[in-house]
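Student: make a model of this:
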Amino acid sequence: MRTKEDVINQGPCVVVAGGGTAGHIEPALALADAVRRARPDARVVALGTPRGLEGKIVPARGYQLEMIPPVPMPRKPTMDLLKLPLNVRRAIKQTRAVLDRVGADVVVGFGGYVALPAYLAARGRLPIVVHEANARTGMANKVGARYAARVAAAVPDSGLPNAEVIGIPLRQSITDLDRQALRDEARRFFRLHPHAPTLLVFGGSQGAVSINNAVAPLASEFARAGIGVLHAHGAKNTLAVQQIPGAPPYVPVPYLERMDLAYAAADAVLCRSGAMTVAEVSAVGLPAVYVPLPIGNGEQAFNCRPQVTAGGAIMIPDNELSPDKLREVLLPLLTNPRRLSAMGSAAQSTGHGSAADVLAKMVLDVVRK
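Tutor: Next up, the predicted model:
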C-alpha cells in the first residue's frame, strides 16, 4: 500500500469496479474521465471479467483493464449457490493481488458482479466509495455500502443509508451536448428530414422487440403527419417499414454508434428506462416516452418516475404497449411544439449534468483524507 506522500508526489491510483453491462461501465468511465480532468497525474484502473462488455469498451477509451473472476449471485437454490463461498474467496484473493500490484489508493464501485469482490478485497485495506445508479439498490452495493467511506446515489430513496444524491456520471460528450448547434449535422448524418419533428426510438444495445413491434406499424401514419423517425432496432432484429414518397423518412438502423448525434437529431424519445438512459435523456433535455423493462424488482419504472412527476416524460407499462397506445400518445405530442419544449425543459430540470465531477471530487477527497 502506498503512503500519503506517494499519493501526493505521484498522483493517486483510482480503481473503478463497474463491469458487466454498459449501465455499470459507462458511469465508471465517466468518473475516470472526470478524475483525469481534476488530477491529470492520476492513474485509473478498471476491474472487469471476461464475460462482460468491458473487454471492448474500457481499452477503447484508453484505460487499463484488469480481469478478475466474476461472482454472480444465484437467484435460485442451485449447485452454483453451494459453490458461492469458494468462488467468493477465490475472487477476493485474486482481486487483492490486482489492487496491490497496481498500487490502488481507493476503490470505487458501481454495483454488479465485478463490484462485490472489489469491495470485499478492499475492506479494511483501502477506502471504498460506492455509487448506486438505480432507484433500487442491488446486492453488491448493499454490501459495499457497509464498508464505504462515502456513498452516492443517482436518486433519492435508493435504499442506501446516508447516500448523497448526485445523479449518474455521464460522458462529457453528453453533458456538454448542444443539440441545437448539432441539429443540422445530425439530420444529415442519419439522412433525416432537416426540419420535420423527429422521434428517436431505441431499446438498448440489443434493441427491444416489444417496442419494435409496437412502433413500426405506425410508419405510414408518422409520415402522413409529417413526422420523421430514427429507429435503432437492434443488430439481431429486422425491421420492415412502409415509406411514403415525399414524406419525412422513417430511418431504421441496427445500432447507434453516435448517440450524441442521435440525441441532437431528435425532438422526442421512445425507449426503455434503464438508469443510464434516463440520465442521458434528461441531461440533454429531451421529452421522453418510457416503456420500463418489466424485469427484476421493477427498478426501471422507479428510474423514470422523477421525470414523469416533473412533467418531462410519459410512462407506458410494457403490458399496455401497442400501436394504438403509441398512436394515442406520440402523434399529439410530436405535432405540438409548445408541449415538446415544455417537456424538454422539465426533463432537463431533473438532470445532474455535473455528477461525474462531483463524484470525482468525492473520491479524491477520500484519498486525501
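
Student: and residue 44, helix, strand or coil?
Tutor: strand (DSSP: H, G, I helix; E, B strand; the rest coil).

Student: what stretches of the protein score poorly on pLDDT?
Tutor: Applying pLDDT under 70 to the chain flags the ranges 1-9, 71-84, 204-207, 296-297.

Student: so what's the spatially most central residue of it up against?
Tutor: In the chain, the centroid-proximal residue (Cα atoms, centre = their mean) is residue 276; its distance is 2.2 Å. Contacts for residue 276 (Cβ atoms under 8 Å, 6 or more residues apart in numbering) come out as 22-23, 26-27, 133, 168, 170. Quick note: C-beta positions are derived from backbone N, CA and C, even for glycine.

Student: and those residues, which is closest to residue 118?
Tutor: Nearest to residue 118, judged by Cβ to Cβ, of the contacts of residue 276 is residue 27 at 14.7 Å.

Student: centre of the chain versus the helix or strand containing that closest one, how much separation?
Tutor: Residue 27 belongs to helix 22-38 when elements are defined using DSSP states H and E. Taking Cα atoms, centre = their mean, to the nearest Å, one finds helix 22-38 lying 11 Å from the centre of the chain it belongs to.

Student: any residues touching that helix, and which ones?
Tutor: 14, 16-19, 42, 44, 46, 52-54, 57-58, 61, 63, 108, 110-112, 114-115, 131, 133, 168-172, 205, 274-276, 355-357, 359-361, 363-364.

Student: what about the closest residue to residue 240 other than its chain neighbours, how many residues close to it?
Tutor: Ranked by Cβ to Cβ, 6 or more residues apart in numbering and with sequence neighbours excluded, the top spatial neighbour of residue 240 is residue 216, at 7.4 Å. Neighbour count of residue 216, defined by other Cβ atoms under 10 Å: 19.

Student: check the secondary structure at residue 216 for me.
Tutor: Classification of residue 216 using three-state DSSP returns helix.

Student: that one reaches residue 241, doesn't it?
Tutor: Yes: with contact defined as Cβ atoms under 8 Å, residue 216 counts as touching residue 241 (5.3 Å).

Student: check the contact lists of those two and give me the overlap.
Tutor: Contact criterion Cβ under 8 Å, 6+ apart; residues shared by residue 216 and residue 241: residue 231.

Student: residues touching residue 301, list them.
Tutor: Residue 301 makes contact with 273, 292, 315, 317 under the criterion Cβ under 8 Å, 6+ apart.

Student: cool, and residue 150?
Tutor: 129-130, 164, 362-363, 365-366.

Student: out of the residues you listed, which are inside strands?
Tutor: 129-130, 164 (DSSP state E).

Student: and these as JSON lines, adding neighbour count?
Tutor: Converted to JSON lines, the ones in strands among the contacts of residue 150 look like this (neighbours: other Cβ atoms under 10 Å):
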{"residue": "129", "neighbour count": "24"}
{"residue": "130", "neighbour count": "29"}
{"residue": "164", "neighbour count": "13"}
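
Student: quick check: end-to-end length of stretch 237-250?
Tutor: With Cα to Cα, to the nearest Å as the measure, the ends of stretch 237-250 fall 16 Å from one another.

Student: got the buried residues for it?
Tutor: Residues of stretch 237-250 classed as buried by neighbour count (16 or more other Cβ atoms under 10 Å): 237, 239, 241, 247-250.

Student: what's in contact with it?
Tutor: Stretch 237-250 has contacts (Cβ under 8 Å, 6+ apart) with 191-193, 196, 198, 207, 209, 212, 216, 219-220, 222-224, 226-229, 231, 233, 252, 254.

Student: and stretch 285-300, how far from the chain's centre?
Tutor: Distance of stretch 285-300 from the chain centroid (Cα atoms, centre = their mean) equals 12 Å.

Student: now the end-to-end length of that stretch.
Tutor: Counting by Cα to Cα, you get 19 Å between the two ends of stretch 285-300.

Student: may I see the buried residues of it?
Tutor: Judged by neighbour count (16+ other Cβ under 10 Å), stretch 285-300 contains these buried residues: 285-293, 299-300.

Student: which one of those sits closest to residue 349?
Tutor: Closest to residue 349, out of all of the buried residues of stretch 285-300 and judged by Cβ to Cβ, is residue 285, at 8.9 Å.

Student: just the helices in the stretch 1-150 of the chain please.
Tutor: Taking DSSP state H, counting those that start in this stretch, the helices of the stretch 1-150 of the chain run over residues 4-10, 22-38, 54-60, 79-102, 115-122, 139-147.

Student: an error on my part: the question was meant for the stretch 251-369 of the chain.
Tutor: Per DSSP H, counting those that start in this stretch, the stretch 251-369 of the chain carries helices over the ranges 259-265, 275-283, 299-310, 323-334, 337-349, 355-368.

Student: quick one, the second one and helix 22-38 angle?
Tutor: So the one you mean is helix 275-283. Put simply, helix 275-283 runs at 60 degrees to helix 22-38, going by axes from the mean of the first three to the mean of the last three Cα atoms, to 10 degrees.

Student: which phi and psi does residue 231 have?
Tutor: Main-chain dihedrals, residue 231, degrees, to the nearest 10: phi -120, psi 110.

Student: who does the residue lying closest to it once chain neighbours are set aside bridge with?
Tutor: Counting by Cβ to Cβ, 6+ apart, residue 231 lies nearest to residue 201, which is 4.2 Å off, once chain neighbours are set aside. In this entry, residue 201 is beta-bridged to residue 231, residue 270, by DSSP bridges.

Student: contact partners for residue 201?
Tutor: 211, 215, 229-232, 269-271.

Student: repeat that for residue 331.
Tutor: Residue 331 sits next to 221-222, 225, 227 when contact means Cβ under 8 Å, 6+ apart.

Student: give me the buried subset of the residues you listed.
Tutor: Buried by 16+ other Cβ under 10 Å: 221-222, 225, 227, out of those.
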